[in-house]
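> no sequence for this one, just the structure:
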């Protein structure tokens, strides 16, 4: 049987509070990038607007309400030979302060963006954070 090729859209949020950004650690039970750090976000539902998707995903994963500022980056990767993921990362700020993680994540940290290379995190996310640094530093 031939397996169909699939493609889906993911939204992520680079949430900025003061000079720090929020990263969350994926559970060891996750099927992709287990025990790695990540930005909040997830799969967009069919018919859902990307901004509604990222607000929903951030709330599901952290219980934070966010204000979406603007799209920051668009990216893609292959989960396997038959599945392509297309992503949109939004710049956002928290509208609340208390974080409560769901089952998919085990920890969170507010870090300085310049320290992103110190964490085991997908290279694409590191690139997005570096683009953000260039944007805020005017380079």
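Received the coordinates, thanks. Worth saying up front: this structure is predicted, and the values here are computed from it rather than measured.

> torsion angles phi and psi at the nearest residue to residue 79 once chain neighbours are set aside?
The shortest distance from residue 79 to any non-neighbouring residue, by Cβ to Cβ, 6 or more residues apart in numbering, is to residue 85 (5.6 Å). C-beta coordinates here come from the backbone N, C-alpha and C atoms, glycine included. In terms of degrees, to the nearest 10, the main-chain angles of residue 85 are phi -110, psi 130.

> buried sites along the strand ranked longest in the chain?
As assigned by DSSP state E, the longest strand anywhere in the chain is strand 66-80. By neighbour count on 16 or more other Cβ atoms under 10 Å, the buried set for strand 66-80 is 66, 68, 72, 73, 75.

> tell me the pLDDT at the fourth one?
Residue 73 is assigned 95 on the pLDDT scale.

> cool, and the first one?
The pLDDT attached to residue 66 in the predicted structure is 98.

> how about low-confidence regions in the chain?
When residues are selected by pLDDT under 70, those of the chain lie in 1-2, 30-34, 139.

> can you list contacts of the helix ranked longest in it?
Selection of the longest helix in the chain by residue count, based on DSSP state H, yields helix 123-137. For helix 123-137, the surrounding residues in contact (Cβ atoms under 8 Å, 6 or more residues apart in numbering) are 12, 14, 21, 38-39, 72-73, 75, 77, 87, 89, 91, 113-114, 116-117.
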